[in-house]
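Visitor: Quick one, what's the 3D model for this:
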Amino acid sequence: MQIINMNNHVISMHIRPITILLVVCGLGTSTLLSGQTDDLPTEAVEIVKNFDARLDDAEKVGISPAILEVDTSVQRQTYYVETAPARLDYDAPRLRPLAFKREQLQEQYNGFVKAGYGIPASPYVEGGYAFRQEDRFDAHIGLLHHSANNKKLENQRFATTAFDMDGNIHLPDRFTLHADVGFKQDIVSFYGYDHSDTSFNEAATKQRFNRFALGGEIFNTSVNAYNVDYNVGADFYSLTDFFDSGETGFDIHLELTKWFADSHPLKIEIGNELTAFSDTISKNLNTFYIKPAFTFHGDAFRFRAGLNLVSVEGGMKVLPNIEGLLSLAGNALAIYAGWNGDYHQNSFDHLRQYNPFIVSEIDPRVSIYRDIYGGVKGAAQGWNYQAQAGFKKTEDLALFLTDTKDTRRFRVLYDTVNIIYLSASAGIELWPGLEFSGTLLQNFYDPQNEESAWHLPGLETFLSARYTLLDKRLLLRGDGYLASGVTYRNESDDKDRLGSLLDLSFGAHYQVIEHAWVWLQLNNLNNNKRERWVRYPTYGINVLGGVLLRF
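Guide: Next up, the predicted model:
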């Protein structure tokens, strides 16, 4: 569990699923210590989600187009990593200095400092350092501050400040003990009002989230006499906001994997996720789960059969966990299908990360979903692809409508929603240094009670290109993001739709001398000020640049 992955700058290499295809060009550096930036809430999104290469037993990386989900799991590699599409979380469009492509950490760099400034007034500073003692101990510390203030629109501002530290103690050929601690403060502003006839001072629009997190886990790092892998851990967080609402969460989990013939895993996950929310009322969520599954790997096929048993307020849910995969042409072509069910806690923490403008008096609930899906995927000679279609039924899916008491904020409501979705992703390296990739997700919502799936996007497409040249001293990057408009209720209480988004961004990253780089990011070049949330226009075009030092 980490507030931000700033340790990624100074430790292990991460694999991006598929970062996506457009001919503009992109940014970065060849070493892992390139400073990755945080969110500036406006338009162009980098939807690409880092995932840890330590995957479980070759199970697919699921696309969850309908669940507000923050993935904090860390899993060790126990079989092989399959090609999988980048996950498109239907998140609010945000403008950020896009993350740089990174390679294996070079030994001479233990730390970095990245600093810059942008338009609108946007200071940025980030730093990190790694400590190591051969193969027995490593620790990492990171700091971040990023803010912006658009003086052309009253109170359109934000600020993010974060601290993160983690460490690992390794007992060679036995196990690893991991611990992390972090703090993050997000300050946002309720600027979603009619600026032509209304004015608020800064204090009247302020929202502040303070989140403290602590976690740890222990897992084996070598094969033991019983041929069983284990991972046991616990995570805790405490969240407060400007209006004295608060939430605490505690999650304890155990994962055991017994291997048969070194190829067929019998896996069981047991855990309990506790969430306690308090405002004018208090409500607790207590979700206990047991997830047994067995996977059989043949020469050209794989089959997994299991159950997800989830105990929630309404009783025990027995959910499926079944998937089959058949290779038709080696790695070049495989077909797969599955039926999977699981849960997601709509906690205050999860909901405010998706929509920071929600009211503080919420009704946290647990969503239950069942997903029937199928698709094709493959990889060969520098390219990879995946296409998937599915039907997902979600109970208590979170939707968002303008609050009638304060039209600058949004209330959360729930409905059972049937979702038909189509997804596709592809990537190719045309020649060394030049990469293209793309991801598309289309959701078709059918709510049971509500007129529409309020403020949930239907179409999202992300395209990207990266070009590294001059012996890796220069990295160019371009990205494009397209999203359809979301539905909402207008002033007449009628169903309406906000405008769509087309965003183009460009970045460059150049090594001036051995330990110093300069970087520049031009975001939302077409100056699209689309409202992702009604009454909240985004920043439009902005620029951010500065220097990066490594030592």
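Visitor: From here on, just use CA atoms for contacts and neighbour counts.
Guide: Fine.
Visitor: For the stretch 251-400 of the chain, just list every one of the helices.
Guide: Per DSSP state H, counting those that start in this stretch, the stretch 251-400 of the chain carries helices over the ranges 348-354.
Visitor: Okay, now the unreliable bits of it?
Guide: Along the stretch 251-400 of the chain, no part satisfies pLDDT under 70.
Visitor: Would you map the strands across it?
Guide: In the stretch 251-400 of the chain, the strands defined using DSSP state E, counting those that start in this stretch lie at 264-278, 282-297, 301-312, 315-327, 334-346, 365-380, 383-402.
Visitor: Which parts of the stretch 401-550 of the chain are strands?
Guide: Secondary structure of the stretch 401-550 of the chain (DSSP E, counting those that start in this stretch): strands at 410-431, 434-447, 459-469, 474-483, 487-489, 495-497, 501-513, 516-523, 531-533, 536-537, 542-550.
Visitor: Output these as CSV; include the columns mean pLDDT and mean neighbour count.
Guide: Shown next, in CSV, are the strands of the stretch 401-550 of the chain (pLDDT from 0 to 100; neighbours: other CA atoms under 10 Å):
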stretch, mean pLDDT, mean neighbour count
strand 410-431, 96, 20
strand 434-447, 97, 22
strand 459-469, 96, 24
strand 474-483, 96, 25
strand 487-489, 97, 21
strand 495-497, 97, 15
strand 501-513, 95, 22
strand 516-523, 96, 22
strand 531-533, 95, 25
strand 536-537, 95, 18
strand 542-550, 96, 21
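Visitor: Now render the strands of the stretch 251-400 of the chain as CSV, adding distance to residue 485 and mean neighbour count.
Guide: Below are the strands of the stretch 251-400 of the chain laid out as CSV (distance: least, CA to CA, whole Å; neighbours: other CA atoms under 10 Å):
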stretch, distance to residue 485, mean neighbour count
strand 264-278, 32, 19
strand 282-297, 33, 18
strand 301-312, 34, 19
strand 315-327, 33, 18
strand 334-346, 23, 21
strand 365-380, 24, 20
strand 383-402, 14, 21
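Visitor: wait, which of the ones you listed is closest to residue 152?
Guide: Nearest to residue 152, of all those, is strand 383-402, at 24.4 Å by CA to CA.
Visitor: helices or strands up against that closest one?
Guide: Applying 3 or more CA pairs under 8 Å, 6 or more residues apart in numbering; DSSP states H and E, one finds that strand 383-402 contacts strand 365-380, strand 410-431, strand 487-489.
Visitor: partners of the last one, with directions?
Guide: Partners of strand 487-489 in the sheet, by DSSP bridges, are strand 495-497 (antiparallel).
Visitor: so can I have a markdown table of the helices and strands packed on strand 383-402 showing distance to residue 312?
Guide: Listed next are the helices and strands packed on strand 383-402 as a markdown table, based on distance: least, CA to CA, whole Å:
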| stretch | distance to residue 312 |
| --- | --- |
| strand 365-380 | 7 |
| strand 410-431 | 16 |
| strand 487-489 | 30 |
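Visitor: Quick one, which of the ones you listed gets closest to residue 273.
Guide: Residue 273 lies closest, by CA to CA, to one member of the helices and strands packed on strand 383-402: strand 365-380, at 10.9 Å.
Visitor: picking up where we left off before, identify whichever of the helices and strands packed on strand 383-402 lies nearest to residue 127.
Guide: Of all those, strand 410-431 sits nearest to residue 127, with 31.2 Å by CA to CA.
Visitor: Specify the angle between that closest one and strand 383-402 in degrees.
Guide: Inter-element angle recorded for strand 410-431 and strand 383-402: 160 degrees (by axes from the mean of the first three to the mean of the last three CA atoms, to 10 degrees).
Visitor: So which elements touch strand 410-431?
Guide: Strand 410-431 is packed against strand 383-402, strand 434-447, with contacts defined by 3+ CA pairs under 8 Å, 6+ apart.
Visitor: Compute the inter-axis angle for the last one and strand 474-483.
Guide: It refers to strand 434-447. Between the axes of strand 434-447 and strand 474-483, defined by the same axes, to 10 degrees, the angle is 20 degrees.
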